[in-house]
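>>> sequence? don't have it. structure:
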(Lines give C-alpha, C1' and ligand atoms only; values in the text may rest on other atoms or scores of the structure.)
Protein backbone atom coordinates (compact mmCIF):
# COMPACT_ATOMS: atom_id res chain seq x y z
CA UNK A 1 0.00 0.00 0.00
CA UNK A 2 1.18 3.50 -0.75
CA UNK A 3 2.64 5.11 2.36
CA UNK A 4 2.03 8.61 1.07
CA UNK A 5 -1.34 7.94 -0.52
CA UNK A 6 -2.93 6.47 2.58
CA UNK A 7 -2.05 9.43 4.81
CA UNK A 8 -5.11 11.56 5.55
CA UNK A 9 -5.06 15.28 4.82
CA UNK A 10 -6.24 17.39 7.75
CA UNK A 11 -8.05 20.50 6.62
CA UNK A 12 -6.99 23.56 8.66
CA UNK A 13 -9.43 26.26 9.76
CA UNK A 14 -10.26 28.79 7.07
CA UNK A 15 -9.80 26.32 4.20
CA UNK A 16 -12.69 24.95 2.17
CA UNK A 17 -12.31 22.04 -0.23
CA UNK A 18 -14.87 21.11 -2.87
CA UNK A 19 -14.78 18.07 -5.14
CA UNK A 20 -16.84 18.39 -8.32
CA UNK A 21 -18.40 15.56 -10.34
CA UNK A 22 -15.54 15.47 -12.85
CA UNK A 23 -13.05 14.95 -9.95
CA UNK A 24 -11.75 18.53 -9.93
CA UNK A 25 -10.58 19.47 -6.44
CA UNK A 26 -10.83 23.18 -5.57
CA UNK A 27 -9.11 24.52 -2.45
CA UNK A 28 -9.93 28.01 -1.12
CA UNK A 29 -7.81 29.44 1.66
CA UNK A 30 -6.66 32.73 3.14
CA UNK A 31 -3.97 33.24 0.47
CA UNK A 32 -6.05 32.34 -2.58
CA UNK A 33 -7.69 29.57 -4.56
CA UNK A 34 -6.22 26.61 -6.44
CA UNK A 35 -7.85 23.81 -8.40
CA UNK A 36 -6.54 20.58 -9.89
CA UNK A 37 -8.17 17.86 -11.94
CA UNK A 38 -7.51 14.49 -10.35
CA UNK A 39 -7.63 11.23 -12.32
CA UNK A 40 -11.18 9.78 -12.45
CA UNK A 41 -9.81 6.45 -11.19
CA UNK A 42 -8.94 8.00 -7.81
CA UNK A 43 -11.72 8.55 -5.26
CA UNK A 44 -11.51 11.65 -3.05
CA UNK A 45 -13.75 11.60 0.03
CA UNK A 46 -14.14 14.09 2.87
CA UNK A 47 -15.57 13.66 6.36
CA UNK A 48 -15.15 15.53 9.65
CA UNK A 49 -12.36 17.84 8.43
CA UNK A 50 -10.24 15.01 7.04
CA UNK A 51 -9.73 14.34 3.34
CA UNK A 52 -8.92 10.80 2.17
CA UNK A 53 -7.65 9.67 -1.20
CA UNK A 54 -8.43 6.06 -2.18
CA UNK A 55 -7.59 3.89 -5.17
CA UNK A 56 -9.79 1.19 -6.71
CA UNK A 57 -7.17 -1.55 -7.32
CA UNK A 58 -3.55 -2.40 -6.67
CA UNK A 59 -2.53 -2.07 -10.31
CA UNK A 60 0.69 -0.19 -10.98
CA UNK A 61 -1.03 2.86 -12.53
CA UNK A 62 -3.50 3.16 -9.64
CA UNK A 63 -0.71 2.90 -7.07
CA UNK A 64 1.29 5.69 -8.74
CA UNK A 65 -1.77 7.93 -9.14
CA UNK A 66 -2.70 7.36 -5.49
CA UNK A 67 0.40 8.99 -4.01
CA UNK A 68 0.53 11.66 -6.69
CA UNK A 69 -3.08 12.74 -6.17
CA UNK A 70 -2.68 12.94 -2.41
CA UNK A 71 0.50 15.01 -2.72
CA UNK A 72 -1.07 17.42 -5.24
CA UNK A 73 -4.06 18.03 -2.95
CA UNK A 74 -1.83 18.44 0.11
CA UNK A 75 0.37 20.96 -1.76
CA UNK A 76 -2.75 22.96 -2.63
CA UNK A 77 -3.81 23.00 1.04
CA UNK A 78 -0.34 24.07 2.22
CA UNK A 79 -0.04 26.66 -0.56
CA UNK A 80 -3.33 28.36 0.22
CA UNK A 81 -2.52 28.55 3.94
CA UNK A 82 1.26 29.13 4.19
CA UNK A 83 2.49 29.52 0.61
CA UNK A 84 5.77 28.36 -0.90
CA UNK A 85 9.07 30.09 -1.51
CA UNK A 86 12.42 29.38 -3.13
CA UNK A 87 15.51 31.36 -2.25
CA UNK A 88 18.29 32.06 -4.73
CA UNK A 89 21.78 33.52 -4.28
CA UNK A 90 23.82 35.43 -6.84
CA UNK A 91 27.62 35.04 -6.75
CA UNK A 92 29.99 37.02 -8.94
CA UNK A 93 31.66 40.40 -9.13
CA UNK A 94 29.16 42.97 -10.35
CA UNK A 95 26.30 40.48 -10.45
CA UNK A 96 23.17 41.82 -8.78
CA UNK A 97 19.39 41.76 -8.75
CA UNK A 98 16.91 44.55 -8.14
CA UNK A 99 13.18 44.95 -8.27
CA UNK A 100 11.63 47.69 -10.42
CA UNK A 101 7.89 47.82 -9.84
CA UNK A 102 6.66 44.32 -10.57
CA UNK A 103 9.78 43.29 -12.51
CA UNK A 104 12.89 41.44 -11.36
CA UNK A 105 15.95 42.87 -13.12
CA UNK A 106 19.12 40.74 -13.19
CA UNK A 107 22.55 42.09 -14.11
CA UNK A 108 24.63 38.94 -14.43
CA UNK A 109 27.41 39.73 -16.88
CA UNK A 110 25.46 40.02 -20.12
CA UNK A 111 25.45 43.15 -22.27
CA UNK A 112 21.83 43.71 -21.26
CA UNK A 113 19.82 43.24 -18.07
CA UNK A 114 17.50 40.21 -17.94
CA UNK A 115 13.94 40.93 -16.74
CA UNK A 116 11.25 38.69 -15.25
CA UNK A 117 7.70 39.91 -14.65
CA UNK A 118 5.56 38.93 -11.69
CA UNK A 119 2.30 37.23 -12.55
CA UNK A 120 0.19 34.10 -12.06
CA UNK A 121 0.39 34.54 -8.28
CA UNK A 122 4.20 34.70 -8.26
CA UNK A 123 6.00 37.53 -6.46
CA UNK A 124 9.70 38.38 -6.22
CA UNK A 125 11.45 39.79 -3.19
CA UNK A 126 15.01 41.12 -3.23
CA UNK A 127 16.16 41.54 0.40
CA UNK A 128 19.77 42.14 -0.72
CA UNK A 129 21.38 42.74 -4.14
CA UNK A 130 22.65 39.15 -4.18
CA UNK A 131 19.52 37.39 -2.84
CA UNK A 132 16.21 36.64 -4.54
CA UNK A 133 13.09 35.07 -3.05
CA UNK A 134 10.39 33.65 -5.33
CA UNK A 135 7.04 33.32 -3.51
CA UNK A 136 3.60 32.02 -4.44
CA UNK A 137 0.80 29.63 -3.55
CA UNK A 138 1.34 27.10 -6.38
CA UNK A 139 4.36 24.91 -5.63
CA UNK A 140 4.86 23.90 -9.26
CA UNK A 141 4.88 27.47 -10.56
CA UNK A 142 7.23 28.68 -7.80
CA UNK A 143 9.69 25.90 -8.60
CA UNK A 144 9.49 26.50 -12.34
CA UNK A 145 10.02 30.28 -12.09
CA UNK A 146 12.94 29.75 -9.69
CA UNK A 147 14.47 27.27 -12.16
CA UNK A 148 13.99 29.78 -15.01
CA UNK A 149 15.74 32.53 -13.00
CA UNK A 150 18.59 30.14 -12.16
CA UNK A 151 18.92 29.13 -15.83
CA UNK A 152 19.79 32.74 -16.80
CA UNK A 153 23.31 32.18 -15.42
CA UNK A 154 23.90 28.75 -13.94
CA UNK A 155 26.80 28.49 -11.49
CA UNK A 156 30.07 27.48 -13.08
CA UNK A 157 32.48 25.09 -11.30
CA UNK A 158 35.71 27.10 -11.47
CA UNK A 159 34.89 30.33 -9.65
CA UNK A 160 31.34 29.53 -8.53
CA UNK A 161 29.89 32.54 -10.36
CA UNK A 162 26.21 32.46 -11.23
CA UNK A 163 22.76 32.06 -9.68
CA UNK A 164 22.22 29.12 -7.34
CA UNK A 165 19.67 27.92 -4.82
CA UNK A 166 20.52 28.86 -1.23
CA UNK A 167 20.92 25.19 -0.23
CA UNK A 168 22.91 24.22 -3.33
CA UNK A 169 26.59 23.36 -2.97
CA UNK A 170 28.80 24.06 -5.97
CA UNK A 171 31.62 21.52 -6.27
CA UNK A 172 34.66 23.47 -7.34
CA UNK A 173 37.13 22.27 -9.95
CA UNK A 174 40.81 22.99 -10.05
CA UNK A 175 41.89 25.20 -12.92
CA UNK A 176 44.60 24.46 -15.45
CA UNK A 177 48.04 24.07 -13.95
CA UNK A 178 51.36 24.53 -15.62
CA UNK A 179 53.88 21.76 -16.08
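Great, that's in hand. Just so it is clear, the model here is predicted, and its values are computed rather than measured. Residues are numbered from 1 along each chain as shown.

>>> in contact with the spatially closest residue to residue 27 that is not a sequence neighbour, which residues?
Distance criterion C-beta to C-beta, 6 or more residues apart in numbering; nearest residue to residue 27, sequence neighbours excluded, is residue 76 at 4.2 Å. All C-beta atoms are positioned from the backbone trio N, CA, C, and that covers glycine. Counting by C-beta atoms under 8 Å, 6 or more residues apart in numbering, residue 76 touches 25, 27, 34-36.

>>> now residue 76, what's its secondary structure?
The three-state assignment at residue 76 reads helix, by DSSP: H, G, I helix; E, B strand; the rest coil.

>>> quick one: it from residue 160, how far?
Distance, residue 76 to residue 160, by C-beta to C-beta, to the nearest Å: 36 Å.

>>> equivalent analysis for residue 40, please.
48 Å.

>>> more neighbours: which of these two?
Remark: of residue 40 and residue 160, residue 160 carries more neighbours, 14 against 9, as counted by other C-beta atoms under 10 Å.

>>> just to check, the more buried one is in contact with residue 168?
No. With contact defined as C-beta atoms under 8 Å, residue 160 does not count as touching residue 168 (10.4 Å).

>>> quick one: low-confidence ranges for the protein?
The model of the chain has pLDDT under 70 over residues 1-2, 178-179.

>>> got the contact list for the longest strand anywhere in it?
If you go by DSSP state E, the chain has its longest strand at strand 84-91. Under the contact criterion C-beta under 8 Å, 6+ apart, strand 84-91 has outside partners 78, 96-97, 106, 108, 129-139, 142-143, 146, 149-150, 155, 160-166.
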